[in-house]
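# what's the 3D shape of this:
(one chain, ligands or ions: 1)
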Amino acid sequence: MGLVKLNLTDFRNIKHASMQPGAGINIILGDNGSGKSSVLEAIHYLGLGRSFRTHLTSRVVHHGEKDFTLFSECRQRLNDDRITTIGLKKSKNSDTELKIAGQKAERLAELPGILPLQLIHPESFTLLSSGPKLRRQFVDWGVFHLETDFFATWAKLTRLLKQRNAILKSGKRYAELAYWDKEFAVQGTIIAQMRRRYLEQLIPIIKSALADFLPEYDFDIRYHQGWDRNIELAALLKQNFMRDQQLGYTSLGPQKADIRIRANGVPAHDILSRGQLKLAVCAMRLSQGLFLSQHSNKRCTFLIDDFSSELDDSKRKLLAQYLIESKAQVFVTAIDKSQVTALLTEDCKMFHVEHGKLIEF
Ligand SMILES: Nc1ncnc2c1ncn2[C@@H]1O[C@H](COP(=O)(O)OP(=O)(O)OP(=O)(O)O)[C@@H](O)[C@H]1O
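Residues are numbered from 1 along each chain as shown. Reported below is the predicted structural model:
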């Protein structure tokens, strides 16, 4: 499951490298600046079409070159030996060439369906500490993989929201908005229901993982759909028209949804330490991966940059145990083998990166 083969050309400090990952744990070791995170970044490009470190392709292309190329072979589904190839070439000015199964593809949005990814890296605590956007993305990742209509509905809703906000800014009367509002309310309510259905099942799984990882806290996780669920969205949009016009944007609706996570009655990011925040985010992301495998024949690939940072020995063991039992494909980076001893299974694969050269042990 997941990545079977990966070729990188002119990506960060990697001139050319190739790897054949295993279906389970893959450990990438190397000194600071050797290129470990770059390998994860390349996989992230193949799963999401973008970096997790920069939005500028020019930073990622190997110094002195015009573009980078990534090629991968992926096994998409459990009990299915068929391989899908992905070829992605991006130039410094962000021109993109994408080929899926040898055919030219137009949209990077096709990638997540082929390689479902979850990333955990040293900045991951922002999932809990930053605004609701990241948490909405977190929820939508799961809904996208499990509800076939989600992407089309979400794309329609995004278009409608843009149109509505443009009309609000133009200072027109409500009558001009009524048509858009009707459709916006229909699509918005569908999205809110999909998210609710998903979270009703996911939240108990997250809470159980949190109880394992951080038993000293009592967690409460609540979904807020972006408006009072006892009132029809269409009625609220009409009621709030004047306010929205003053603001120049739509203040209520699914674009404002959030999940609020409290530990012992306090917002989690106000009480947990950095290591505890990392564990909480791990619990959330691992639960999503687990849920996906339980409810579909897809498997999630986990990218964990700097596995051991912020974690003491017992927490590393706990996280390793979860990852091994998940049977998911996992890529972890670490500076030294001693930091990942808990992950050393019989069939794990180990790679070493040195000055951009990738070697399997
Ligand atoms: N576009 C580029 N071309 C060439 N080299 C680059 C480019 N961008 C970054 N580098 C270099 O690539 C190296 C690898 O960085 P990377 O973040 O992958 O290292 P790492 O092994 O994860 O390090 P650490 O353990 O310190 O996190 C760095 O030394 C960096 O200076």
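# which parts of the stretch 201-350 of the chain sit against the ligand?
Within the stretch 201-350 of the chain, the positions near the ligand by Cβ under 6 Å from any ligand atom are I335. Heads up, the C-betas are built off the backbone N, CA and C, glycines and all.
# Below-threshold pLDDT in the stretch 201-350 of the chain: ranges please.
Nowhere does the stretch 201-350 of the chain drop to pLDDT under 70.
# Go ahead and flag the most central residue of this protein.
Nearest to the geometric centre of the chain sits Q118, at 4.9 Å (Cα atoms, centre = their mean).
# Which residues are in contact with the closest residue to it other than its chain neighbours?
Computed as Cβ to Cβ, 6 or more residues apart in numbering, the closest residue to Q118 that is not its neighbour in sequence is R285, at 4.4 Å. Applying Cβ atoms under 8 Å, 6 or more residues apart in numbering, we find R285 in contact with Q118, L119, I120, S124, F138, F302.
# Need those residues in TSV (columns: secondary structure).
Below are the contacts of R285 laid out as TSV (DSSP: H, G, I helix; E, B strand; the rest coil):
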residue	secondary structure
Q118	strand
L119	strand
I120	strand
S124	coil
F138	helix
F302	strand
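# Next one: the residue nearest to Q118 from L210, what distance?
According to Cβ to Cβ, to the nearest Å, R285 and L210 sit 12 Å apart.
# swap in V60?
Remark: distance between V60 and L210 (Cβ to Cβ) = 35 Å.
# re the thing from before, would JSON lines of the contacts of R285 with distance to E183 be doable?
Formatted as JSON lines, the contacts of R285 follow (distance: Cβ to Cβ, whole Å):
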{"residue": "Q118", "distance to E183": "33"}
{"residue": "L119", "distance to E183": "34"}
{"residue": "I120", "distance to E183": "38"}
{"residue": "S124", "distance to E183": "36"}
{"residue": "F138", "distance to E183": "27"}
{"residue": "F302", "distance to E183": "38"}
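# Which two of those residues have the greatest separation?
The largest separation in those, counting by Cβ to Cβ, is between F138 and F302 at 14.2 Å.
# Show me which of those two is the more surrounded one.
Ranked by neighbour count (other Cβ atoms under 10 Å), F138 and F302 place F302 first, with 23 against 18.
# what about the closest residue to the more buried one other than its chain neighbours, which helix or strand?
Using Cβ to Cβ, 6+ apart and skipping residues adjacent in sequence, the residue nearest F302 is V330, 4.6 Å away. V330 belongs to strand 329-334 when assigned by DSSP states H and E.
# Which residues are in contact with T345?
Counting by Cβ under 8 Å, 6+ apart, T345 has contacts G24, I25, I324.
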